[in-house]
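Visitor: turn this into a model:
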Amino acid sequence: MKIIYIGSTASIIYTIKYKEPIKSTYDKSQDTFLHWRFAVAPCAIIAFATHMIAKGMKGFDAIELLWMFSIYLEAIAILPQLIVLQRYKEVENLTGNYIFFMGAYRALYILNWIYRANTEKGYKHHWVVYFCGVLQTLLYADFFYYYIKAKARGNRLQLPQVT
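Guide: I've put the predicted structure just below:
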């Protein structure tokens, strides 16, 4: 399943960057999020600090450190998309549905954790995963509000203008 996920993600990235007509719809001037400064570097620092606090130098495990980094980065990976959507104000139907279902997926993951923690003997709790999952779901909360409001009224999804 992971191979299918990674393969489909790679094909989406390839299509967005290199295939017409999608390639020409990308507006670099709207994509001003400083990924390295506000996402990658902070997540790397937090992952390293968390790993060192939990394991120390004797328990250092590069694979687990990279896994933690990916969990932190995944939690905030939607931020650039949400920022761009906020700038455009009106959200296309397909994009709105995609973002909504991505957030719903994460919210259902939280329910899955609760269910498994209460029904599986020996379920291993991982507080970093819980924290990041809740954080990611909270990042979607504002979008959920406007999405549900627009759908209930039968209107197009419009986000409030940032002033």
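Visitor: rest of the way, CA atoms for contacts and neighbours
Guide: Fine.
Visitor: Arg87 contacts Pro160, correct?
Guide: No. Taking contacts as CA atoms under 8 Å, Arg87 lies outside contact range of Pro160: 9.0 Å.
Visitor: state the distance from Trp36 to Leu85.
Guide: Noted for Trp36: a distance of 20 Å to Leu85, by CA to CA, to the nearest Å.
Visitor: swap that for His125, sorry
Guide: Distance of His125 to Leu85, computed by CA to CA: 35 Å.
Visitor: more neighbours: the two, which one.
Guide: Between His125 and Leu85, counting by other CA atoms under 10 Å, Leu85 is the more crowded of the two (20 against 11).
Visitor: now do the contacts for the closest residue to Ala44 other than its chain neighbours.
Guide: Excluding its sequence neighbours, the residue lying closest to Ala44 (CA to CA, 6 or more residues apart in numbering) is Phe69, at 5.6 Å. Residues in contact with Phe69 (CA atoms under 8 Å, 6 or more residues apart in numbering) are 43-44, 46-48.
Visitor: now name the helix or strand holding Phe69.
Guide: Using DSSP states H and E, Phe69 falls within helix 62-76.
Visitor: in that helix, what's buried?
Guide: 65, 68-73, 75-76 (16 or more other CA atoms under 10 Å).
Visitor: what's the farthest-apart pair in those?
Guide: Across those, the longest distance by CA to CA is 17.4 Å; it joins Leu65 and Ile76.
Visitor: using neighbour counts, trim the contacts of Phe69 to the buried set.
Guide: Buried among the contacts of Phe69 by 16+ other CA under 10 Å: 43-44, 47-48.
Visitor: which residues in the chain form helices?
Guide: 2-18, 35, 41-55, 62-76, 79-88, 93-119, 127-153 (DSSP state H).
Visitor: dump those to CSV, plus mean pLDDT and distance to Ser24.
Guide: Compiled in CSV, the helices of the chain are given as follows (pLDDT from 0 to 100; distance: least, CA to CA, whole Å):
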stretch, mean pLDDT, distance to Ser24
helix 2-18, 87, 9
helix 35, 90, 22
helix 41-55, 95, 29
helix 62-76, 94, 26
helix 79-88, 88, 16
helix 93-119, 91, 17
helix 127-153, 93, 26
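Visitor: fine by me, thanks again.
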